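Novice: give me a 3D structure for the following:
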Amino acid sequence: QVQLVESGGGLVQPGGSLRLSCAASGFTFNTYTMSWYRQAPGKERELVARITSAGGRTNYADTVKGRFTISRDNAKNTVYLQMNSLKSEDTAVYYCNARGWGADIWGQGTQVTVSS
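Specialist: Below you'll find the predicted structure:
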């Protein structure tokens, strides 16, 4: 069964950190580009960060550069998003995405709320 399962979301104060994880199963993880997207209430889903299949290249939205880091462990079929210096505007549902071989796979999302 093709599946992406996110975890690690929650409530954090401004300036705090969270690490999101996305566990993949049912497909050849190390051949897929992995991404994190987010969607805030009333807004469109937007790309946060992307990493190529071997992890050699990453790119980030301008709004998170220098604060967020995407990484992957192909041995564990898992992609991560380390989020530091969180701001209230980072509040959103965060989704994991896998793309490759004509497939576009989404997780169910995990809520991140940044609030004092």
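Novice: contacting residues for residue 71?
Specialist: 51, 55, 79-80, 82 (C-beta atoms under 8 Å, 6 or more residues apart in numbering). Heads up, the C-betas are built off the backbone N, CA and C, glycines and all.
Novice: residue 60 now?
Specialist: By C-beta under 8 Å, 6+ apart, the neighbours of residue 60 are 48-50, 68, 70.
Novice: same question, residue 54
Specialist: Residue 54 sits next to 30, 74 when contact means C-beta under 8 Å, 6+ apart.
Novice: I'd like the numbering to begin with 34 instead of 1 from here.
Specialist: Sounds good: first residue 34 from here, last item residue 87.
Novice: phi, psi for it please.
Specialist: Torsion angles at residue 87 (phi, psi; degrees, to the nearest 10) stand at phi -90, psi 0.
Novice: what sits against residue 122?
Specialist: Taking C-beta under 8 Å, 6+ apart, we find residue 122 in contact with 73, 96, 147.
Novice: so which of those are in strands?
Specialist: Mapping the contacts of residue 122 onto strands (DSSP state E) picks out residue 147.
Novice: re earlier: filter the contacts of residue 104 down to the buried ones, PyMOL style.
Specialist: To isolate the buried members of those in PyMOL, using 16 or more other C-beta atoms under 10 Å:
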select buried, resi 84+112+113
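Novice: which of the contacts of residue 104 lies closest to residue 131?
Specialist: Residue 131 has its nearest neighbour among the contacts of residue 104 in residue 112, at 8.4 Å by C-beta to C-beta.
Novice: unless I'm mixing things up, the closest one is touching residue 102, no?
Specialist: No: counting by C-beta atoms under 8 Å, residue 112 does not reach residue 102; the two are 11.4 Å apart.
Novice: got the residue ranges for the helices in this structure?
Specialist: Here the chain has no helices by DSSP state H.
Novice: where do the strands sit along it?
Specialist: 36-40, 43-45, 51-58, 66-72, 79-84, 91-93, 101-106, 111-116, 125-133, 136-139, 143-147.
Novice: on that earlier part again, ok, of the contacts of residue 104, which one's closest to residue 41?
Specialist: Nearest to residue 41 among these, with distances taken as C-beta to C-beta, is residue 113, at 8.4 Å.
Novice: this completes my enquiry, with thanks.
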